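Chemist: take this sequence and fold it.
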Amino acid sequence: MNQDDVEIVEKKKLYRGHLTVNEFILRHKLFNGGMTKPISREVVQRAAAVGVLPYDPIRDEVVLIRQFRAGVMVADHNPWLIESVAGLVEEGETAEDVARRESIEEAGCEISELHHICDFFASPGMLSECVTMYCGITDTTNAGGLHGLEQEDEDIEAIVVPWSQLCDDIDTKKHFDAKIMLGVMWLTPRREDLRKRFTG
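Modeler: Numbering: from 1, shown residues only. Predicted coordinates:
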């Protein structure tokens with residue numbers, strides 16, 4: 001099945017602000033070959049996003065960020081979430097451009113090379129956003145501190161974390177950001193080769 005197996009009966013704009021929310025009245029093909037009756041689905045639409053886990057193979061450290069997240073607050077968790085660097089793709093940008101820009105804006109890290117991890121939908125039942133995830137090679141010597149763009153109301157703390165501590169924190173379920181997990185899953189089998197390449 002593909003896009004041709006969906007019939008959009010009606011589209012209604014419910015809200016437009018920082019996000020756009022549309023209601024779709026649609027029918028789609030069933031696995032048994034029939035079609036559904038008209039059903040309603042609300043979709044939050046926003047630009048594609050990019051995440052990046054900055055990693056220093058010489059110092060064996062990653063850079064994470066902490067910032068206030070309203071959605072996490074509503075879910076009754078600590079709203080100052082530790083997560084990977086991330087941002088939205090703006091007009092004329094590539095995913096690689098965003099990874100490099102956001103690493104500087106949010107964490108003060110310049111990325112020397114990028115390794116594509118995967119593309120994924122974080123919440124496909126209601127969110128159109130597709131996230132492209134990278135591991136970015138950086139130098140953490142002077143990383144950390146406070147970052148973010150004032151015009152975007154960002155208040156971001158960059159945190160340098162040793163690899164061993166990051167793994168321990170994941171084992172003890174201290175992280176709730178899936179981008180961190182994806183970064184660690186990708187980096188774990190490749191870390192020693194990266195370290196050998198950069199440390200000689």
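Chemist: looking at the chain, which helix or strand is least sure?
Modeler: strand 145-147 (a mean of 88; mean pLDDT, DSSP states H and E).
Chemist: dump the residue contacts of D155.
Modeler: D155 makes contact with Q67, F68, L146, G148, according to C-beta atoms under 8 Å, 6 or more residues apart in numbering. Yep, even glycine has a C-beta here, placed from its N, CA and C like the rest.
Chemist: please tell me how far the first one sits from V160.
Modeler: Meaning Q67. 16 Å (C-beta to C-beta, to the nearest Å).
Chemist: more crowded one of those two?
Modeler: V160 (20 against 17; other C-beta atoms under 10 Å).
Chemist: so that one touches V63, yeah?
Modeler: Yes: contact status for V160 versus V63: in contact at 5.7 Å, counting by C-beta atoms under 8 Å.
Chemist: which regions of this structure sit below the pLDDT cut-off?
Modeler: The chain contains no residues with pLDDT under 70.
Chemist: center of it, which residue is that?
Modeler: Closest to where the C-alpha atoms of the chain average out (C-alpha atoms, centre = their mean) is G51, at 3.9 Å.
Chemist: ok so, going back, of the contacts of D155, which pair is most distant in space?
Modeler: F68 and L146 (13.2 Å; C-beta to C-beta).
Chemist: the two: which is more packed in?
Modeler: In terms of neighbours (other C-beta under 10 Å), F68 is the more surrounded of F68 and L146; the figures are 14 against 10.
Chemist: residues in contact with the more buried one?
Modeler: P79, W80, L81, D155.
Chemist: distance of the residue nearest to the centre of the chain relative to L19?
Modeler: Relative to L19, and taking C-beta to C-beta, G51 is found at 18 Å.
Chemist: over to V6?
Modeler: For V6, the distance to L19 - C-beta to C-beta - is 22 Å.
Chemist: what does L127 give?
Modeler: Distance from L127 to L19, by C-beta to C-beta: 9 Å.
Chemist: so between these two, which is more surrounded?
Modeler: Shown here are L127 and L19; by other C-beta under 10 Å, L127 has more neighbours (15 against 12).
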